[in-house]
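Chemist: Compute the structure for the input listed below.
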Amino acid sequence: MMMPDALEVVCPEGMLKVRFGGTPPEVAAMAPDSPLHDEGVVEGMVVDWLQIGEDDSLRFYGLSADELTGHLRDFAAESRRLRFINPDTTEITPNPEEIEEEGGIIMMDEEYGIAPVGSGDDDDDDDGNGDDDDDDGGGGGSS
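Modeler: The predicted model follows:
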């Protein structure tokens with residue numbers, strides 16, 4: 001069977017009967033009765049990412065084989081989706097939490113938004129009055 005460029009597979013319940021090796025995890029061996037055969041997965045493909053649940057809010061990128069097998073085992077009762085790619089024709093998806101830009105890396109943070117590393121925005125003028133809002137606890141004037 002020819003290796004497809006990419007496949008997204010919803011993992012069935014139970015064992016996948018696949019051995020992964022390396023980083024990124026490569027399909028090193030598959031049992032003849034592996035359910036992934038029916039999905040078109042072949043030896044030599046690599047796992048691009050693992051998604052837990054129905055949406056992409058919990059998606060793992062850049063996993064090693066050990067990390068992948070641990071997550072597959074830990075989340076066996078959840079919906080699990082794997083994206084397999086042909087490493088000769090398709091690039092690994094970069095982790096969207098680390099986006100490279102000219103001049104540095106932008107780190108995405110759900111709580112604080114997106115902020116470039118080393119952006120130099122240190123003035124801390126949160127209230128817009130022109131000072132740096134680094135008050136020393138003083139109350140205003142003397143009486």
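Chemist: contacting residues for the residue nearest to V18 when sequence neighbours are not counted?
Modeler: The shortest distance from V18 to any residue that is not its chain neighbour, by Cβ to Cβ, 6 or more residues apart in numbering, is 5.1 Å, and that residue is M30. Where you see a C-beta, it was placed from the backbone N, CA and C, and this is true even at glycine. M30 makes contacts with K17, V18, R19, L36, H37, V41, V42, E43, as judged by Cβ atoms under 8 Å, 6 or more residues apart in numbering.
Chemist: again with V10
Modeler: S79, R80, R81.
Chemist: And R19, by the same measure?
Modeler: Residues near R19 by Cβ under 8 Å, 6+ apart: V27, A28, A29, M30.
Chemist: Which two among those are spaced furthest apart?
Modeler: A28 and M30 (8.6 Å; Cβ to Cβ).
Chemist: Between the two, which contacts overlap?
Modeler: Common neighbours of A28 and M30 are listed as R19, E43 (criterion: Cβ under 8 Å, 6+ apart).
Chemist: Just the buried residues of the contacts of V10.
Modeler: Taking 16 or more other Cβ atoms under 10 Å as the criterion, what is buried in the contacts of V10 is R80, R81.
Chemist: Return the closest of the contacts of V10 with respect to I92.
Modeler: Distance to I92, by Cβ to Cβ, is smallest for R81 among those, at 16.4 Å.
Chemist: quick one: which helix or strand includes the residue lying closest to that closest one once chain neighbours are set aside?
Modeler: For R81, the nearest residue in space outside its immediate sequence neighbours is Q51; the separation is 4.2 Å by Cβ to Cβ, 6+ apart. Here Q51 sits within strand 46-52, counting by DSSP states H and E.
Chemist: Give the next helix or strand downstream of that strand.
Modeler: Towards the C-terminus, the helix or strand next in line after strand 46-52, according to DSSP H and E, is strand 59-61.
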